[in-house]
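In: Predicted coordinates and the sequence they were generated for:
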Amino acid sequence: MGKILGIGLWVCIVTLGAVYGSIYLATAPAGPSEEEKQQAALELIRGEPITIPVIGGGDVTGYFLTRISFMMDKEKVKGQALPTTELMTDQLFTLLVGNKMVDIANVSAFDVNGFREKIKTEMNARLGEGMVAQVLIEQLDYVSKDAARKAADGGSEPLEMTTVVEGEKVEEKPASSGH
């Protein structure tokens, strides 16, 4: 009888010690980092493929093939129909044709970050400050008029393109199931 009481008391003490130790040593789970909070506040707005003609000497010399998406503030975008395609077409035409930010003969000199920052600044000026948080360049290629004509005439060779920027892979998050 004494042994059974001793074993029962010993089991109680060990159990209480284990519970106390686990509570004492447990740490609170780390909350979301600042970067995760910022990413959660952003929404991906996919851009459409846009073709910008390049005009030189009064004639079309080639085409820029682009697809640019945006990470925008969810709260500011909510409930708004944004004309991103129209604004982006105008912005790209200004930067690529008007300002000639890309020199096709020297693609390696192209300042990608400056290009992104210019788009972000101009889009925020048009849509409202803080709307566009990040610019994602999915595609920025150049096709000469001759290469486009060969492809249109049914040439069997693949379309010759000059890649100005290696595109970023943009994946949309799957919708949550609500569970």
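Out: Yep, it's here. Numbers count the residues shown, from 1 in each chain.
In: Only C-alpha atoms from now on, for both contacts and neighbour counts.
Out: Fine.
In: Give the other helices and strands that the helix of greatest length in the chain contacts.
Out: Looking only at the chain and at elements set by DSSP state H, the helix with the highest residue count is helix 2-25. For helix 2-25, there is no helix or strand it packs on, judged by 3 or more Cα pairs under 8 Å, 6 or more residues apart in numbering; DSSP states H and E.
In: Model confidence score at the most centrally placed residue in the chain, please.
Out: In the chain, the centroid-proximal residue (Cα atoms, centre = their mean) is residue 136; its distance is 4.4 Å. Here, the pLDDT recorded for residue 136 equals 86.
In: Give the bridge partners for residue 43, please.
Out: Here residue 43 sits in beta bridges with residue 72, going by DSSP bridges.
In: shouldn't it be in contact with residue 75?
Out: No. With contact defined as Cα atoms under 8 Å, residue 43 does not reach residue 75; the gap is 9.2 Å.
In: the more surrounded of the two?
Out: Set residue 43 next to residue 75 and count neighbours by other Cα atoms under 10 Å: residue 43 wins out with 19 against 11.
In: OK, contacts around that one?
Out: Residue 43 makes contact with 71, 72, 73, 74, according to Cα atoms under 8 Å, 6 or more residues apart in numbering.
In: Drop anything exposed from those residues.
Out: Taking 16 or more other Cα atoms under 10 Å as the criterion, what is buried in these is 71, 72, 73.
In: Just the helices from this protein, written as ranges.
Out: For the chain, the helices defined by DSSP H occupy 2-25, 34-40, 74-77, 84-92, 112-127, 145-152.
In: picking that back up, tell me what the residue nearest to the centre of the chain is bridged to.
Out: Beta bridges link residue 136 to residue 69, judged by DSSP bridges.
In: was I right about it contacting residue 68?
Out: Yes. Contact criterion Cα under 8 Å: residue 136 and residue 68 qualify, at 5.7 Å.
In: quick one: the residue lying closest to residue 45 once chain neighbours are set aside from residue 164, how far?
Out: Distance criterion Cα to Cα, 6 or more residues apart in numbering; nearest residue to residue 45, sequence neighbours excluded, is residue 70 at 5.2 Å. In this view, residue 70 and residue 164 are 19 Å apart by Cα to Cα, to the nearest Å.
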